[in-house]
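S.K.: Need coordinates for the below:
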Amino acid sequence: QNVVYAGGVSGGIFKSIDGGSTWNPINDQLNNMIIGCMDQNASGNYIYFGTGEENSGGDGNSAFIGSGLYKLDLATNAITSVSTTTTLYRYIKNVKCHKTDDNIIYLGTYTAGFKISKNAGATWGNAKLASTSASVATAGFINDVKVGSDGSYVFCYSTGVYRSATGDEFVTAITPPTGI
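M.R.: Predicted coordinates for the structure are as follows:
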């Protein structure tokens, strides 16, 4: 199939049905077209996309404020807001979907840390240390989020790298080898 989706901070979401030769906007009627990240859910029915960009704007001092997380229905091209994110998560750097469970979504934000939803965005929780159940990465900048095909995930935070082998909220701090 030659269907491709692309998004960008300065342009919204576009769809190509010919492998990228031509493109058409699919969210040009939304209030916020600042697309920072996108990921398709496990069943392939939806694309979630995060808005906002905290990197400096043209004047070197401004950020582009987002309006949370959205869900694109690939069958209808309908876009809906994930309403639990509209005011809390204005700068979403990473959205990742669990590879086998459509209900699990991971967010890496610029200001609100790392968040997990186990019910397709109806509610959000924090990652917790497996050893103490203490919440980690509850505020601040998440540099990256990666999800494995087995549901495991890893995220990079200013205080370290954290991994969940099972895809749930419980994580272990991992230390990269020295010299990297």
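
S.K.: From here on, just use CA atoms for contacts and neighbour counts.
M.R.: Noted.

S.K.: What does the pLDDT read for the spatially most central residue of the chain?
M.R.: Nearest residue to the geometric centre of the chain (Cα atoms, centre = their mean): residue 95, 1.2 Å. pLDDT for residue 95: 96.

S.K.: So which residues make contact with the one helix or strand it maps to?
M.R.: Element membership for residue 95 (DSSP states H and E) is strand 92-97. For strand 92-97, contacts defined as Cα atoms under 8 Å, 6 or more residues apart in numbering pick out 36-42, 48-53, 66, 68-69, 104-110, 142-147.

S.K.: try it again with 6 Å
M.R.: By Cα atoms under 6 Å, 6 or more residues apart in numbering, the surrounding residues in contact with strand 92-97 are 36, 37, 39, 41, 50, 51, 52, 105, 106, 107, 108, 109.

S.K.: do stretch 18-37 as well
M.R.: Contacts of stretch 18-37 (Cα under 6 Å, 6+ apart): 2-3, 7-9, 12-16, 49-52, 93-94.

S.K.: ok, and for it, which residues are buried?
M.R.: 23, 26, 27, 32, 33, 34, 35, 36, 37 (16 or more other Cα atoms under 10 Å).

S.K.: Which pLDDT value does the model give residue 62?
M.R.: 63.

S.K.: continuing past the strand or helix carrying residue 154, what's the next helix or strand?
M.R.: Here residue 154, judged by DSSP H and E, is contained in strand 153-157. Under the assignment DSSP H and E, the closest C-terminal helix or strand after strand 153-157 is strand 160-164.
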